[in-house]
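**Student:** Give me coordinates for this.
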Amino acid sequence: MKINTYLDSTYLKTPAQSGLTEEQTLETVINLAKEAIENDIFAVMIRPDYVKKMKQFLTEQNSNVIIGTVIGFHEGTYSKEHKLAEAQKAIEDGVDELDFVINYEAYKNGEVDAVKSEFVDCTKLCLDNGKIAKWIIEIAALTDEQIADITKKISTWAEENFKAEDLHRIFVKSSTGFYQTEGGKPNGATVEGIKIMLENAGSLPVKAAGGVRTPEEAEYMINLGVKRIGTSSAKALIKNEEVSGGY
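**Tutor:** Numbers count the residues shown, from 1 in each chain. Next up is the predicted model:
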């Protein structure tokens with residue numbers, strides 16, 4: 001199986017989180033793009049601050065590698081207005097796909113109307129501009145019942161508010177990779193969590209993010225039905241090299 005075309009090669013650490021300078025971080029994301037070009041990886045997933053320079057680089061390389069970014073990252077608790085403004089700027093900078101962290105804390109608090117509002121308005125902004133919208137539900141922060149429920153709600157909201165031919169451009173995504181779990185619990189995609197998402201996503205595609213460590217695991221997820229895999233070890237997965245830590 002050619003897993004390259006399913007991969008979003010990811011680097012989402014800020015300079016403060018990595019201990020790198022801004023210049024070193026930019027060099028890191030450019031190297032990510034070079035690696036994606038060399039290995040026929042579908043997309044690079046980076047912070048919004050680096051989208052414009054990434055777009056310039058990929059244009060210079062005449063590359064078809066897709067640029068993705070994260071919105072409302074990583075907590076998801078930013079206001080709808082903040083997420084819309086962040087998304088609009090990324091669109092202007094040349095991004096292709098936007099991975100929003102849904103306000104799962106508001107969802108858990110029963111503020112479903114607010115969550116629906118941000119989903120509909122942010123997704124509409126993406127679709128109106130010809131972009132892909134992905135919604136990170138952060139499964140490590142949810143019970144199995146909540147994973148099923150919020151996935152089903154996103155599917156229903158999408159079907160109620162957008163055309164059937166656009167639903168393939170609206171993903172449900174498992175994880176940010178930054179959620180702090182306790183007791184060694186995984187903070188990324190799990191087989192159990194992905195199965196629940198797939199069972200409840202309806203017509204929407206599912207992205208498994210984090211926790212995929214081997215080509216066999218990637219193929220297993222793909223065979224389950226996921227359409228994309230987010231990983232900070234894309235090259236290692238392709239080359240069947242050892243993956244240590246990371247997203």
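
**Student:** So which residue is dead centre in the chain?
**Tutor:** residue 99 (4.5 Å; Cα atoms, centre = their mean).

**Student:** how close does it sit to residue 21?
**Tutor:** Going from residue 99 to residue 21 by Cβ to Cβ, to the nearest Å gives 25 Å. All C-beta atoms are positioned from the backbone trio N, CA, C, and that covers glycine.

**Student:** Kindly report the same for residue 143.
**Tutor:** 41 Å.

**Student:** can you check residue 222 too?
**Tutor:** Taking Cβ to Cβ, one finds residue 222 at 37 Å from residue 21.

**Student:** Settle it for me: which of those two has more neighbours?
**Tutor:** Taking neighbours as other Cβ atoms under 10 Å, residue 222 and residue 21 compare with residue 222 leading, 18 against 10.

**Student:** Is the more buried one in contact with residue 5, as I believe?
**Tutor:** No. Using Cβ atoms under 8 Å, residue 222 makes no contact with residue 5, being 9.9 Å away.

**Student:** so what's the residue nearest to the centre of the chain bridging to?
**Tutor:** For residue 99, the beta-bridge partners are residue 70, residue 134 (DSSP bridges).

**Student:** next one: residue 11
**Tutor:** Here residue 11, judged by DSSP bridges, has bridge partners residue 46.

**Student:** Kindly state the pLDDT recorded for it?
**Tutor:** If you check residue 11, the pLDDT there is 97.

**Student:** try residue 241
**Tutor:** For residue 241, pLDDT reads 81.

**Student:** how many neighbours does it have?
**Tutor:** Neighbour tally, residue 241, other Cβ under 10 Å: 12.

**Student:** Just the strands from this structure, written as ranges.
**Tutor:** Remark: strands assigned in the chain by DSSP state E are 7-11, 43-46, 66-71, 97-101, 132-136, 170-173, 206-209, 228-231.

**Student:** Give the other helices and strands that the longest one contacts.
**Tutor:** What that stands for is strand 66-71. strand 43-46, helix 51-60, helix 80-93, strand 97-101, strand 132-136 (3 or more Cβ pairs under 8 Å, 6 or more residues apart in numbering; DSSP states H and E).

**Student:** got the CA coordinates for the last one in CSV?
**Tutor:** Presented in CSV, the C-alpha positions along strand 132-136 are these (Å, rounded to 0.1, in the frame of the first residue of the first chain):
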residue,chain,number,x,y,z
ILE,A,132,-10.7,21.7,3.3
ALA,A,133,-12.0,22.0,6.9
LYS,A,134,-11.0,19.4,9.5
TRP,A,135,-12.5,19.4,13.0
ILE,A,136,-10.3,18.0,15.8
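
**Student:** which residues does residue 185 contact?
**Tutor:** residue 140 (Cβ atoms under 8 Å, 6 or more residues apart in numbering).

**Student:** Could you do the one 4 residues further on as well?
**Tutor:** When contacts are counted by Cβ under 8 Å, 6+ apart, residue 189 is found next to 139, 174-175, 208-212, 221, 229.
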